[in-house]
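> Prediction below, plus the sequence it came from.
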Amino acid sequence: MKKVLILGGSGFVGRSVCEQLVRRHPGLHMVLPTRRAAHASHLRLLPGAEVVVADVHDPVRLTALARGCDAVVNLIAILHGKAADFEAAHVRFAKTLARAMQAAGVKRLVHIGALGAASAAPSLYLRSKAAGEDALQAAGLAVTILRPSVIFGQHDRLLNLFARLQSFSPVLPLAAANAQFQPVWVEDVAAAVVAALEDGATAGRTIECCGPQVMSLGDIVRLAGRLAGHERPQIALPNWAARLQAFVLELLPGPPLISRDNLDSMKVPSVASGQLPGLADLGIVPTPIGAVAPGYLAPGQGVARLDGWRAAHR
């Protein structure tokens, strides 16, 4: 493996994927498209990283980017939007990617899906993720699909968000407090991407990426507040109030903290089904959330403890 196209490489998971690829494959050429160069400035110093400003939704440009690559990693996804947005990001782009790879003569793909994705799922997000997976599998590519639960890590929008909210709110009205997750460390997800790229036998398989603990959203929020030093009482909202809260948040500028579609997604437990292979099948021992989160949430600790865990997992 000499050259890999990484779509979404400047994002939360992409950062860790690039770092792990550099460590395991010195000399690897990583092509990293981005809409704006500033979005990928943190990757420019990585050996072998080629940051390219490009619109990957342009099929001609995407084909040119894929040409000459040994494999493609697709990390592109959205959590919020209207039906047309999910269709564009998860379904139409998957079809564009499949055609671009076929035109470029590239077969190998590692794709990040979503735990709970299904055609009959209750949310636009999960249904569109399932349709995207189907499109890639139908294209005849050598695709490995990784389905993570909610992902935590130093730059996450999960624990960091709830820690910030509890820093100024005396109580926390919480929607879907009983929703079930199996939080997985971003470094374990990145390790799964790398392992799948290295092992061609994973082509055609769907692998669930889950941590070792099943936790409710309420549990996750309490952990974030406790580690950050300001755990607040929670008020579990009934469904009608949760949907009203989400509707109001959707009206505010910028991405909402939670949307009605997010609530629909959380009707499906984001936990391992037990019917598909998991991280252990890739030789990865899932990291407990309590072993990592204190390193980036505890007051005054910075990222020293997190860096220690990263070193231990190299």
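Happy to help now that I have it.
> got the contact list for stretch 275-287?
The contact list for stretch 275-287, computed with C-beta atoms under 8 Å, 6 or more residues apart in numbering, reads 147, 184-185, 187-188, 191-192, 195-196, 199, 202, 205-212, 272, 309, 313. Bear in mind the C-beta positions are built from the backbone N, C-alpha and C, glycine included.
> Among those residues, which lie within strands?
Arg147, Val184, Trp185, Thr206, Ile207, Glu208, Cys209 (DSSP state E).
> Tell me the one among those nearest to Gly153.
When the ones in strands among the contacts of stretch 275-287 are ranked by distance to Gly153 (C-beta to C-beta), Trp185 comes first, at 6.1 Å.
> what about that closest one, distance to Phe247?
From Trp185 across to Phe247, the span is 33 Å (C-beta to C-beta, to the nearest Å).
> same question, Glu133
Look at Glu133 and Phe247: by C-beta to C-beta, they are 29 Å apart.
> which of those two has more neighbours?
For the pair Glu133 and Phe247, the greater number of neighbours falls to Glu133 (23 against 12), based on other C-beta atoms under 10 Å.
> how far does whatever helix or strand that one lives in sit from the chain's center?
In the assignment (DSSP states H and E), Glu133 maps to helix 124-138. Centre-to-centre, helix 124-138 and its host chain are 15 Å apart (C-alpha atoms, centre = their mean, to the nearest Å).
> Give me the contacts around it.
Under the criterion C-beta under 8 Å, 6+ apart, residues 77, 79, 81, 83, 86-87, 89-91, 93-95, 97-98, 109, 111, 113-114, 116-121, 143, 145, 206, 261-262, 264-265, 268 lie in contact with helix 124-138.
> can you rerun that using 6 Å?
Residues from elsewhere that reach helix 124-138 (C-beta atoms under 6 Å, 6 or more residues apart in numbering): 83, 86, 90-91, 94-95, 98, 111, 113-114, 116-119, 121, 143, 145, 261, 265.
> From those residues, list just the buried residues.
Members of those that pass the buried threshold by neighbour count (16 or more other C-beta atoms under 10 Å) are listed as 86, 90-91, 94-95, 98, 111, 113-114, 116-117, 121, 143, 145, 261, 265.
> I'd like to know which of these is nearest to Gln20.
For the buried ones among the contacts of helix 124-138, the closest approach to Gln20 (C-beta to C-beta) belongs to His111, at 17.3 Å.
> Tally up the residues packed near the closest residue to that closest one other than its chain neighbours, please.
Once flanking residues are discounted, His111 sits nearest to Asn74: 4.7 Å by C-beta to C-beta, 6 or more residues apart in numbering. Applying the criterion other C-beta under 10 Å, we find 23 residues in the vicinity of Asn74.
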